[in-house]
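Colleague: Predicted model, plus sequence, below.
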Amino acid sequence: MERLRIGLIGYGYWGPNLVRNFSTCPATEAVAVCDASPARRAAAARTYPGVATAASVDELLDLPLDAVAVATPVSTHFPLAMRCLEAGKDVLVEKPLAGSVREAQILTARAARLGRVLMVDHTYLFSNAVRRMKQLVESGDLGDLHYVDSVRINLGLFQTDVNVVWDLAPHDLSIVEYLLGTPPRSISAWGCAHATPEIEDIAYVNVDYGENLMANFHVNWLSPVKVRQIIVAGSKKSMIFNELNPAEPLKVYDRGIELSESEETQRLRVGYRTGDLWSPHIEAGEALQAMATHFADCVRGRADPVSDGRMGVRVVRLLEAATRSIRAQGGRLVLPGGETTYGDGDAGAIRPGDLRPGLTDRPPGPGRSHSLLR
Ligand SMILES: NC(=O)c1ccc[n+]([C@@H]2O[C@H](COP(=O)([O-])OP(=O)(O)OC[C@H]3O[C@@H](n4cnc5c(N)ncnc54)[C@H](O)[C@@H]3O)[C@@H](O)[C@H]2O)c1
């Protein structure tokens, strides 16, 4: 089968990883690189002498290509992806799909109308460790999920067009959507800008998925150390994904609490369970290679990618909501479909898009704790 001929726009920090993977993936071929910067075009030509370079998108689109990958700053995704879709190309866009929900929706609708494949590179969905995490969640081994806690911090590459939430949280939001398959109900975020006004470089994002399941994401460009860790905690077991430990990226802990009722006092007693710790085998293989293969398969089969435009829109919706909440000092935003989050008499009063301080849907008292009993 002929390899899918791909042109790349944007050979900055991330683009070279895409070209390397398109070049080595049996299903794809990197045919050309377009970058506005002569220095970056020269760098591409030095590393890949067989790959053409183009100074403009028009020049790129004159070449015989099947598809285009867009790896430029977020604010440019919309016009570039739109131009390529309208030129009849299938398009892969780096995360996040676009700089606003509106733009992401328009791209998704245009791709559908033109019959083009539109995929977002939510890279972690193609990581073997994250796929194993999904199997563990779906098998029920973890029990009822209680929380997700992610820390994604380092001395980051400061972006000029988006804040740290738009830069790093697309990873967490796409991973959690992939693992849970549940739409979030509300979101609240705090953040601060230390380097550039209005471009937050540290943020804490809290997402409520209902059913007593909440997720917290700490994203930060100012940390002296690099941490990439996600805890998914359940009533039976918990797992920790630490991608900086390539030998054992995933660990499953049979540790947690056991609730029982004291016969004398009739009160709930909390006990602790410390069982085995194991590290599931994770197949070797680069996520970007699997991502490139999936894109090629979807283009060949005219199929919807796992991370299609609609998923791209959902992630962008959360990024937009998180930024809105940050500007409102952590005000909690009810998300579409989340009207019933607050239950009881409040349900009718709080609509999607409402921003309220300090709301909570978590009923206090023993009714809640009993769901932990096994
Ligand atoms: N999937 C991941 O894990 C991952 C990791 C890092 C970055 N990214 C994403 O990749 C994208 C690019 O990020 P980056 O850090 O590489 O940015 P960057 O600024 O390092 O590189 C962008 C490149 O695009 C070029 N460019 C900008 N506008 C252009 C235009 N109109 N036409 C042609 N070239 C243009 C610039 O000259 C530059 O070389 C972002 O969307 C980012 O979120 C994804």
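Modeller: Structure's in. What do you need?
Colleague: Where does Ala32 sit, in terms of helix or strand?
Modeller: strand 28-34 (DSSP states H and E).
Colleague: Can you give me the distance of Leu61 to the ligand?
Modeller: From Leu61 across to the ligand, the span is 12 Å (Cβ to the nearest ligand atom, to the nearest Å). C-beta here means a position set from N, CA and C on the backbone, and glycine is covered the same way.
Colleague: how deep is that residue tucked in, by neighbour count?
Modeller: Neighbourhood size, Leu61 [other Cβ atoms under 10 Å]: 20.
Colleague: Please apply the same query to Ala36.
Modeller: 15.
Colleague: tell me the mean pLDDT over stretch 155-167?
Modeller: Averaging pLDDT along stretch 155-167 yields 93.
Colleague: Please enumerate the strands of the stretch 101-250 of the chain.
Modeller: Assigned by DSSP state E, counting those that start in this stretch, the stretch 101-250 of the chain shows strands spanning 118-121, 145-155, 186-192, 202-208, 214-220, 222-234, 238-242, 250-261.
Colleague: Show the pLDDT at the closest residue to the ligand within the chain.
Modeller: The ligand sits closest to Gly12 of the chain, with a gap of 1.8 Å, by Cβ to the nearest ligand atom. For Gly12, the pLDDT comes out at 98.
Colleague: hang on, isn't it packed against Ala71?
Modeller: Yes - counting by Cβ atoms under 8 Å, Ala71 is a contact partner of Gly12 at 7.2 Å.
Colleague: higher neighbour count, the two?
Modeller: Neighbour tally, Gly12 and Ala71, criterion other Cβ under 10 Å: the higher count belongs to Ala71, 24 against 15.
Colleague: So for the more buried one, what pLDDT did the model give?
Modeller: 98.
Colleague: likewise Val299?
Modeller: For Val299, the model assigns a pLDDT of 98.
Colleague: Which among the strands of the stretch 101-250 of the chain is found nearest to Glu2?
Modeller: strand 118-121 (19.5 Å; Cβ to Cβ).
Colleague: What helices and strands are in contact with the closest one?
Modeller: If contacts are counted by 3 or more Cβ pairs under 8 Å, 6 or more residues apart in numbering; DSSP states H and E, strand 118-121 sits against strand 90-94, helix 101-114, helix 287-301, helix 309-327.
Colleague: Out of the ones you listed, which is the most enclosed?
Modeller: Stretch with highest mean neighbour count among the helices and strands packed on strand 118-121: strand 90-94 (a mean of 27; mean count of other Cβ atoms under 10 Å).
Colleague: Is the ligand within reach of that strand?
Modeller: Yes - residues of strand 90-94 contacting the ligand under Cβ under 6 Å from any ligand atom: Glu94.
Colleague: what lines up beside that strand in the sheet?
Modeller: According to DSSP bridges, strand 90-94 forms sheet pairs with strand 67-70 (parallel), strand 118-121 (parallel).
Colleague: want to throw those strands into JSON lines with distance to the ligand and mean neighbour count?
Modeller: Listed next are the strands paired with strand 90-94 as JSON lines, based on distance: least, Cβ to the nearest ligand atom, whole Å; neighbours: other Cβ atoms under 10 Å:
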{"stretch": "strand 67-70", "distance to the ligand": "8", "mean neighbour count": "26"}
{"stretch": "strand 118-121", "distance to the ligand": "5", "mean neighbour count": "29"}
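Colleague: circling back to that earlier point, could you save the strands of the stretch 101-250 of the chain as CSV and add columns showing distance to Val270?
Modeller: Below are the strands of the stretch 101-250 of the chain laid out as CSV (distance: least, Cβ to Cβ, whole Å):
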stretch, distance to Val270
strand 118-121, 42
strand 145-155, 14
strand 186-192, 28
strand 202-208, 24
strand 214-220, 20
strand 222-234, 15
strand 238-242, 16
strand 250-261, 5
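Colleague: secondary structure element for Arg20?
Modeller: For Arg20, the host element (DSSP H and E) is helix 15-24.
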